[in-house]
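Peer 1: below: sequence and its predicted model.
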Amino acid sequence: MDACWPGVAPGKPAQTILIHDDEDRAKALADYVRAHERYRESKRVKETVRAMLDDSPEGTYGDNHLGWGGGNDKEETDVAAMVEEFENADLVVPMVPDEKAMIQILRRAGMVVPRRKAAGQKTARTIKITRARKIT
């Protein structure tokens, strides 16, 4: 890194050497503010359009293909099955099951952490937009 960015103070981003004076700082701050404003407006537009498309079926519309993901069953750690795994492996089962600690112990022992479907819970629905394939 020193060869590409000579003079960078240890622990500092290499780009800090691009600022030489207050004029450079003012320009960098103006660039930052412009980028943030564009980001904020883009985020607002994406959120609005996403809501508009929520009931739309998958398909190709103009130059873009709309797809949907998510909506799958959520999984969670099965604590009861973990306790059973502990007992089967002759491991000491905590009086009050500590899920995080038990997961670490099972992983260190090279054992699979039991999972189950979370009752009535689904993963978030996600939008997938790609360029439509050109048919030639």
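Peer 2: On my side now, so go ahead. Keep in mind the model is a prediction, meaning the values are calculated, not measured.

Peer 1: hey, let's count contacts and neighbours off CA atoms from now on
Peer 2: Noted.

Peer 1: so where's the longest helix in this structure?
Peer 2: Ranked by residue count under DSSP state H, the longest helix found in the chain is helix 22-53.

Peer 1: how far does that one sit from the chain's center?
Peer 2: The chain centre lies 21 Å from the centre of helix 22-53; the measure is Cα atoms, centre = their mean, to the nearest Å.

Peer 1: quick one: mean pLDDT for that helix?
Peer 2: Averaging pLDDT along helix 22-53 yields 97.

Peer 1: show me what counts as buried in the following helix or strand past it.
Peer 2: In the C-terminal direction, the helix or strand that comes right after helix 22-53 (DSSP states H and E) is strand 59-61. Within strand 59-61, no residue counts as buried by 16 or more other Cα atoms under 10 Å.

Peer 1: list the strands paired with the longest strand belonging to the chain, with their directions.
Peer 2: Taking DSSP state E as the criterion, the chain has its longest strand at strand 115-122. Sheet partners assigned to strand 115-122 using DSSP bridges are listed as strand 73-77 (antiparallel).

Peer 1: with only the CA atoms kept, save the strand it pairs with in CSV.
Peer 2: The C-alpha coordinates for strand 73-77 follow below in CSV (Å, rounded to 0.1, in the frame of the first residue of the first chain):
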residue,chain,number,x,y,z
ASP,A,73,-40.4,-20.5,5.6
LYS,A,74,-38.1,-18.9,8.2
GLU,A,75,-35.9,-21.2,10.3
GLU,A,76,-35.0,-20.9,13.9
THR,A,77,-32.8,-22.9,16.3
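
Peer 1: now do the buried residues in that strand.
Peer 2: Of all the residues in strand 73-77, those buried under the rule 16+ other Cα under 10 Å are K74, T77.

Peer 1: who's in contact with that strand?
Peer 2: The contact list for strand 73-77 (Cα atoms under 8 Å, 6 or more residues apart in numbering) reads V113, P114, R115, R116, K117, A118, G120, Q121, K122, T123.
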